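[1] Task: produce atomic coordinates for the following.
(4 chains)
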There are 2 protein chains.
Amino acid sequence: MERIKPSEASTPASKWDQLATDWCPVARALSVIGDRWTMLIVRDCFLGKSRFEEFQKSLGVTRHVLSNRLKRLVEDGVLERNVYSTRPLRYAYQLSEKGRDFAPALVGLKDWGKKHMPIRKPAAA
Amino acid sequence: MERIKPSEASTPASKWDQLATDWCPVARALSVIGDRWTMLIVRDCFLGKSRFEEFQKSLGVTRHVLSNRLKRLVEDGVLERNVYSTRPLRYAYQLSEKGRDFAPALVGLKDWGKKHMPIRKPAAA
DNA sequence: GCTTGTACGTTCTATTTCCGAACGGAGAAT
DNA sequence: ATTCTCCGTTCGGAAATAGAACGTACAAGC
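    Residues are numbered from 1 along each chain as shown, chains lettered A, B, ... in the order given. Below is the predicted model:
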């Protein structure tokens, strides 16, 4: 009956982090910006947004998750956190060069969405 | 003290589904292929894979999630489920035209990953 | 025949993540 | 002094995911 084969696990590393070391560049890219919200945050940056509240209102994502994603994006060098006000001390999240280089990928997504995902009405009440 | 403002919710529609009706084509695209694994499945399709076991081995994703994603991709018209064997009755998941049209976006991601996410070793034991 | 192997899922439970809302702090405005 | 804006953090419940086993259907080997 021993159909079981536990397999020799080694570094559990959350499956998602493992992508960062994948042989495929697409997978490695996704390990950074492949999250549900992350790519939309980057999009918003391209649209000129840069502040916590702006992202939050635009996306409707929970503040907790937003905080998390921004932190990651900064760590990964996609965004830079710059002080835009010292008095209350506020930061602006802005695209780094790495982030700006993401434009072509975003355009590819935009074109595909435009062609294959026509606008639908949000479920008429 | 009434700082609370419950807000008038209407259609809970899981936040992620709401993206399908977003004004932005990028968001609408992501509502379909924006999931962690979904884009990698599509990538695998471009690499010639088409069967359940192939995806499962390639990605290491759980069978449950894979089953789910494939179902969605077929529903959304990105993949087609074609019979490749009637005797044991087996299906092959293959790119539709809509799916093949995703190539440019994937290339964009690939280029970005290649440039900005150099290969790292998987955490030397 | 009976067991083993392959291909495709489905089902189960424990863990992780996410959502929704409230809380907190620091200054600005009224 | 109270309210408002901005930027997060914290909390409890809901949902998704991971990991492994199970089920089915057929084919092949003994």
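[2] In contact with the nearest residue to A:Ala105 once chain neighbours are set aside: list those residues for me.
    Spatial nearest neighbour of A:Ala105, chain neighbours left out: B:Gly108 (3.3 Å); criterion: C-beta to C-beta, 6 or more residues apart in numbering or on different chains. (Each C-beta comes from the backbone N, C-alpha and C, glycine too.) Applying C-beta atoms under 8 Å, 6 or more residues apart in numbering or on different chains to B:Gly108 gives the contacts A:Pro104, A:Ala105, A:Leu106, A:Val107, A:Gly108, A:Leu109.
[3] out of those residues, who has the most neighbours?
    In terms of neighbours by other C-beta atoms under 10 Å in any protein chain shown, the contacts of B:Gly108 top out with A:Leu109 at 28 neighbours.
[4] and the angle from the host helix or strand of that one to helix B:103-116?
    Using DSSP states H and E, A:Leu109 sits in helix A:103-116. With axes from the mean of the first three to the mean of the last three C-alpha atoms, to 10 degrees applied, the angle from helix A:103-116 to helix B:103-116 works out at 170 degrees.
[5] which residues does the residue nearest in space to the middle of chain A contact?
    Nearest to the mean C-alpha position of chain A, counting by C-alpha atoms, centre = their mean, stands A:Thr38 at 1.6 Å. Contact partners of A:Thr38, counting by C-beta under 8 Å, 6+ apart, are A:Val32, A:Arg69, A:Arg72, A:Leu73.
[6] Tell me who's in contact with A:Phe46.
    Contacts of A:Phe46 (C-beta under 8 Å, 6+ apart): A:Leu95, A:Ala103, A:Leu106.
[7] Any chance of these in TSV with distance to A:Lys114 as columns?
    As requested, the contacts of A:Phe46 are exported to TSV (distance: C-beta to C-beta, whole Å):
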residue	distance to A:Lys114
A:Leu95	22
A:Ala103	16
A:Leu106	12
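[8] And those residues, which is closest to DNA strand C?
    Distance to DNA strand C across the contacts of A:Phe46 (C-beta to the nearest atom of the strand) is lowest for A:Leu106, with 20.3 Å.
[9] Which pLDDT value belongs to that closest one?
    A:Leu106 carries a pLDDT score of 98 in this model.
[10] now A:Thr21
    Value for A:Thr21, per-residue pLDDT: 92.
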